[in-house]
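Chemist: Dropping the sequence and predicted coords here.
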Amino acid sequence: MALNSKIEWTHHTLNLWWGCTKVHEGCDNCYANTLAHRYGKDVWGDDKPRRAIKNAWQELKRFQIEAERAGEVHRVFVGSMMDIFEKPKSLVDHIGNPLLEGENEFWNTGQLRDKFFNEVVPNSTNLMFLLLTKRPSNINKYIPESWKKNPPQNVMFGTSPVNQKTANDLIPQLALVNGKKFISVEPQLDAIDLTVKMKNSDLRLIDTVHWIIDGGESGANRRPFNTDWGRILRDQSNENGVPFFFKQVDKKLLIPEDLMVREFPKIK
Ligand code: SF4
């Protein structure tokens, strides 16, 4: 399934910039942060600039051309090293020089996001963009005004809870967004019940989502994952007609046969 991505539920991953600030306990072992430290890139924290990714626009064009040639729709996960709905931050270029107003085409991440929304999304009809964020309360602040009434057919908005508290907090924020929605419960750190009602609503958490991805943590500092947590989400997805994708236990242990469920949402 994956073309240039190691992530099983997408064909491609794409980053417009590199850097972020930790949001909740799911970020504790953030791979992108670890990698930034390893390479000496100072792009983590609210007061740090983000690093523009040099070839992002060319890559996006290439993804579209390849998918069109194949007559397919390819999924593009936007933001494995960033959060697309983070507040605008200043930028440095790919070698660390500050990008400045009056001298450069872009000097903050909000401008990259706007170009992506206004120019790339409408012209990439063979791509399905998966916009995953731990800041779903910012989605309606930063999407184009026209998307609020007419969300693009080639975008899914997602958020990433890791336990019941973050599910109760983040999913109702995602529910306020018009359009297709998904959750990526990665790394799952505790049992989650998606059939509980959202605060101030008759809807349950599961009623708002069109796809559920689930998996445990990997890496040297991985936290324990109980496969029964995965079974709860698998069964709740199944009972409510929501496609379910189980990604991994911890990348060391094999996925039990009954959890090897890898469904995708239907693309209209
Ligand atoms: S939101 Fe994502 S990219 Fe940002 S620190 Fe958390 S895990 Fe890392």
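Modeler: Nice, I can see it.

Chemist: and the closest residue to Thr133 other than its chain neighbours, how many residues sit next to it?
Modeler: Nearest non-adjacent residue to Thr133, counting by Cβ to Cβ, 6 or more residues apart in numbering: Phe85, 4.1 Å away. Yep, even glycine has a C-beta here, placed from its N, CA and C like the rest. By other Cβ atoms under 10 Å, the residues close to Phe85 number 22.

Chemist: Could you do Pro224 as well?
Modeler: Neighbour count for Pro224, taken as other Cβ under 10 Å: 9.

Chemist: Alpha carbons only: can I get the longest helix seen in the chain in PDB?
Modeler: Longest among the helix segments of the chain by residue count, using DSSP state H, is helix 56-70. Only the C-alpha atoms of helix 56-70 are listed here, as PDB (Å, rounded to 0.1, in the frame of the first residue of the first chain):
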ATOM      1  CA  ALA A  56       7.600  19.700  -0.700                       C
ATOM      2  CA  TRP A  57       5.800  21.400  -3.600                       C
ATOM      3  CA  GLN A  58       7.600  19.300  -6.300                       C
ATOM      4  CA  GLU A  59       6.800  16.200  -4.300                       C
ATOM      5  CA  LEU A  60       3.100  17.000  -4.200                       C
ATOM      6  CA  LYS A  61       3.100  17.600  -8.000                       C
ATOM      7  CA  ARG A  62       4.800  14.200  -8.500                       C
ATOM      8  CA  PHE A  63       2.300  12.400  -6.200                       C
ATOM      9  CA  GLN A  64      -0.600  13.900  -8.300                       C
ATOM     10  CA  ILE A  65       1.000  13.000 -11.600                       C
ATOM     11  CA  GLU A  66       1.700   9.400 -10.500                       C
ATOM     12  CA  ALA A  67      -1.800   8.800  -9.100                       C
ATOM     13  CA  GLU A  68      -3.400  10.300 -12.300                       C
ATOM     14  CA  ARG A  69      -1.300   8.100 -14.500                       C
ATOM     15  CA  ALA A  70      -2.200   5.100 -12.500                       C
END
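
Chemist: tell me which element the closest residue to Gly110 other than its chain neighbours is part of?
Modeler: What sits nearest to Gly110 in space, not counting adjacent residues and going by Cβ to Cβ, 6+ apart, is Pro88, at 3.2 Å. Pro88 belongs to no helix or strand when assigned by DSSP states H and E.

Chemist: check contacts around Pro88.
Modeler: By Cβ atoms under 8 Å, 6 or more residues apart in numbering, Pro88 lies in contact with 108-111, 113.

Chemist: Mind listing what's buried along stretch 174-181?
Modeler: 174-175, 177, 179-181 (16 or more other Cβ atoms under 10 Å).

Chemist: sorry, back to before: how far away is the residue nearest to Gly110 from Arg222?
Modeler: 33 Å (Cβ to Cβ, to the nearest Å).

Chemist: swap in Leu194?
Modeler: 23 Å.

Chemist: Looking at these two, which is more packed in?
Modeler: Between Leu194 and Arg222, Leu194 has the larger neighbour count (other Cβ under 10 Å), namely 23 against 15.

Chemist: Kindly list the main-chain dihedrals of that one?
Modeler: phi -90, psi 0 (degrees, to the nearest 10).

Chemist: what residue ranges in the protein are flagged as low confidence?
Modeler: Scanning the chain for pLDDT under 70 picks out 1-4, 268.

Chemist: in the protein, which spans are helices?
Modeler: Using DSSP H, helices in the chain cover 31-38, 56-70, 109-115, 139-142, 145-149, 164-175, 227-239.
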